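**Q** Just to be clear, the model below is a prediction. Sequence and coordinates:
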Amino acid sequence: MANSVGAWIWSALLLFAFIASASSDESVAEETPSAVLTLDASNFSETIAKHPFLVVEFYAPWCGHCKKLEPEYEKAASILSKHDPPIVLAKVNANEEINKDLASTHGVRGFPTLKILRNEGKNIQDYKGPRDADGIVEYLKKQVGPASAEIKSSEDAVNFIDEKKVFIVGVFPEYSGEEFDNFTKLAEKLRSDYDFGHTSDAKLLPRGDTAVKGPVVRLFKPFDELFVDFQDFHLDALEGSIEVASIPVVTIFDKEPSNHPYVIKFFNNQNAKVLLFIHFSEQYFDSFKSKYLEVAENYKGKKMSFLLGDIKASEGAFQYFGLVESQVPLIILQENDGKKYLKPNLEPDQIATWLREYVDGSLTPFIKSEPIPELNDEPVKVVVANSLRDVVFNSGKNVLLEFYAPWCGHCKKLAPILDEVAVSLHDDADVIIAKMDATANDVPSEFQVQGYPTLYFSSAAGKLLQYEGGRTVDDFIDFIKKNKDSVVETIQSDPIKDEL
């Protein structure tokens with residue numbers, strides 16, 4: 001997917017706004033041995049081979065969210081070490097060079113990333129539970145038990161089915177046959193996403209129906225129509241039905257932890273995403289909510305998902321988009337390729353009209369960009385979203401472009417090196433060394449920015465290469481000299497010189 005790191009950063013910023021990550025009041029004494037195993041590339045395979053169930057945190061020492069998680073993870077590991085059987089928690093420093101391939105193999109795109117490894121690592125699932133010690137313990141205890149719990153009584157149903165969560169129950173006359181086998185396989189596959197149960201008596205369930213004999217799958221949910229039944233037991237069809245039914249028509253994004261799983265699902269689905277941000281405490285809230293729900297219902301099944309966000313929980317979204325609170329109420333639509341549309345200072349009656357204009361193709365995409373610098377006289381030229389095409393693709397120059405993040409330690413180390421490269425090549429009028437803050441500007445789809453720093457080289461003839469060589473001054477200069485093209489004489493203007 002184009003600009004995948006941008007999409008990940010956006011959702012991560014939103015989600016971290018309300019993921020529980022409270023710091024523990026108790027600190028682990030230095031002399032106390034850690035209950036968390038420390039793994040690296042040298043002992044990883046050997047360790048997971050010894051454990052049928054293992055939880056691994058991939059972290060970076062500089063990551064603030066990792067530091068907040070650390071005492072909670074340690075406390076949970078200590079508690080779970082006494083579980084019967086013991087549940088083992090481990091960690092890997094993904095920032096170390098020796099472990100980078102390991103992190104890449106396990107799909108680590110941000111920190112912290114937690115994975116559940118079953119059957120000696122043959123079955124790997126994302127950890128999707130809470131980030132506080134008690135929540136980690138409760139979540140993992142369920143993960144080591146059966147994928148689906150048998151409901152034998154009304155008491156079981158009350159104990160298992162949480163009215164604030166999605167719960168999936170299979171009703172079967174007998175616990176055998178293709179339908180039951182497929183249900184069991186799906187429960188094992190999706191157990192990190194949902195809680196599953198099975199019963200032979202539908203009357204035991206909330207809102208029980210004596211007419212339901214099974215086989216049938218009933219999905220309970222705390223929103224919309226409250227439950228949905230499925231009778232297609234083909235694995236793909238059943239999984240698809242569950243995924244669709246488990247996302248609210250309008251996902252609520254606020255600081256309520258029980259909404260966290262639905263926000264995760266909203267960002268993980270492949271639909272175009274519509275986000276309306278308002279003040280939940282304002283008098284206009286009910287008017288916006290009812291109108292937005294009405295519009296969302298009309299677009300059901302049209303590959304568009306809807307979220308209603310409280311501005312108090314949306315600092316990350318506003319930082320990502322480069323927005324300000326004075327634009328609220330505002331609506332944003334983002335497509336899978338990263339293209340965005342935005343309307344600030346919205347009125348409730350404008351929602352439907354604005355979406356119709358989007359569907360008709362009459363809206364202009366929104367591009368987040370810092371202002372084009374009035375002065376750009378440093379050795380490394382500053383590029384922003386609104387100047388990138390002129391500087392990189394339309395200048396007829398050979399351009400080495402760094403995508404960086406202001407907080408990135410590797411980017412800070414690279415900065416003086418690129419300055420020296422730019423100074424060394426100052427007399428070569430065919431070459432530009434440039435940089436762009438990828439957290440403050442939208443990255444065009446031509447660039448696959450998976451982390452920071454990411455460097456690309458665009459030759460004068462338009463050939464685009466991702467730079468994956470060494471990070472010394474000589475490495476960069478040698479690469480540029482080998483890959484640059486002669487500037488075509490018909491190029492009449494230099495956007496950098498024009499700018500200066």
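**A** That came in fine, so what should we check first? On a predicted model such as this, the values are computed, not experimentally measured, just so you know. Numbers count the residues shown, from 1 in each chain.

**Q** where does the stretch 101-250 of the chain dip in pLDDT?
**A** The stretch 101-250 of the chain contains residues with pLDDT under 70 at 208-210.

**Q** Identify all contacting residues around the helix or strand hosting residue 103.
**A** Using DSSP states H and E, residue 103 falls within helix 100-105. By C-beta atoms under 8 Å, 6 or more residues apart in numbering, the residues outside helix 100-105 that reach it are 40, 41, 44, 58, 92, 94, 113. For every residue, glycine as well, the C-beta is placed using N, CA and C.

**Q** run the last query once more with 7 Å
**A** By C-beta atoms under 7 Å, 6 or more residues apart in numbering, the residues outside helix 100-105 that reach it are 41, 44, 58, 92, 94.

**Q** Centre of the chain to it, how far?
**A** 18 Å (C-alpha atoms, centre = their mean, to the nearest Å).

**Q** Tell me which residues of it come out buried.
**A** Buried positions in helix 100-105, judged by neighbour count with 16 or more other C-beta atoms under 10 Å: 102, 103.

**Q** try stretch 220-238
**A** Within stretch 220-238, the residues scored as buried using 16+ other C-beta under 10 Å are 220, 221, 223, 227, 228, 230, 233, 238.

**Q** Now, those residues that are in helices?
**A** Using DSSP state H, residue 238 are the members of these that sit in helices.

**Q** need the buried residues of stretch 220-238 in CSV with distance to residue 303, can you?
**A** Listed next are the buried residues of stretch 220-238 as CSV, based on distance: C-beta to C-beta, whole Å:
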residue, distance to residue 303
220, 26
221, 21
223, 20
227, 24
228, 19
230, 21
233, 25
238, 20
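
**Q** mind checking the SS state of residue 434?
**A** At residue 434, secondary structure determined by DSSP: H, G, I helix; E, B strand; the rest coil is strand.

**Q** what about it, neighbour count?
**A** Residue 434 has 23 neighbours, counted by other C-beta atoms under 10 Å.

**Q** Surely it and residue 384 touch.
**A** No - judged on C-beta atoms under 7 Å, residue 434 makes no contact with residue 384 at a distance of 10.3 Å.

**Q** Closest to residue 246 out of the contacts of helix 100-105?
**A** Using C-beta to C-beta, residue 58 is the member of those that lies nearest residue 246, at 26.6 Å.

**Q** what lines up beside the helix or strand hosting the closest one in the sheet?
**A** Remark: residue 58 resides in strand 53-59, with elements defined by DSSP H and E. Sheet pairing for strand 53-59, assigned by DSSP bridges, gives strand 88-93 (parallel), strand 113-118 (antiparallel).

**Q** Any chance of CSV for those strands, columns mean neighbour count and distance to residue 340?
**A** Putting the strands paired with strand 53-59 into CSV (neighbours: other C-beta atoms under 10 Å; distance: least, C-beta to C-beta, whole Å) gives the following:
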stretch, mean neighbour count, distance to residue 340
strand 88-93, 22, 35
strand 113-118, 20, 26
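
**Q** What segments of the stretch 201-350 of the chain are strands?
**A** Counting by DSSP state E, counting those that start in this stretch, the segments of the stretch 201-350 of the chain that form strands are 216-220, 227-230, 250-253, 272-278, 304-310, 330-334, 340-343.

**Q** now residue 421, nearest residue through space, not along the chain?
**A** The shortest distance from residue 421 to any non-neighbouring residue, by C-beta to C-beta, 6 or more residues apart in numbering, is to residue 476 (4.6 Å).

**Q** just checking, the one you found is part of a strand?
**A** No - counting by three-state DSSP, residue 476 falls outside a strand, being helix.

**Q** ok, it touching residue 419?
**A** No - counting by C-beta under 7 Å, residue 476 stays clear of residue 419, with 11.2 Å between them.

**Q** The two: which is more packed in?
**A** Comparing residue 476 with residue 419 by other C-beta under 10 Å, the one with more neighbours is residue 476, at 25 against 16.

**Q** Please, which helix or strand holds the residue lying closest to residue 460 once chain neighbours are set aside?
**A** Excluding its sequence neighbours, the residue lying closest to residue 460 (C-beta to C-beta, 6+ apart) is residue 485, at 4.0 Å. Using DSSP H and E, residue 485 is not contained in any helix or strand.

**Q** separation between residue 485 and residue 457?
**A** According to C-beta to C-beta, to the nearest Å, residue 485 and residue 457 sit 11 Å apart.

**Q** With residue 302 instead?
**A** For residue 302, the distance to residue 457 equals 41 Å [C-beta to C-beta].

**Q** Looking only at neighbour counts, state which of the two leads.
**A** residue 457 (20 against 9).

**Q** Model confidence for the more buried one, exactly?
**A** What the model reports as pLDDT for residue 457 is 97.

**Q** what residues are up against it?
**A** 400, 465, 467, 483.

**Q** For the second one, grab the count of nearby residues.
**A** Put plainly, it is residue 465. Neighbourhood size, residue 465 [other C-beta under 10 Å]: 13.

**Q** Dig out what it forms beta bridges with.
**A** On the basis of DSSP bridges, residue 465 is bridged to residue 457.
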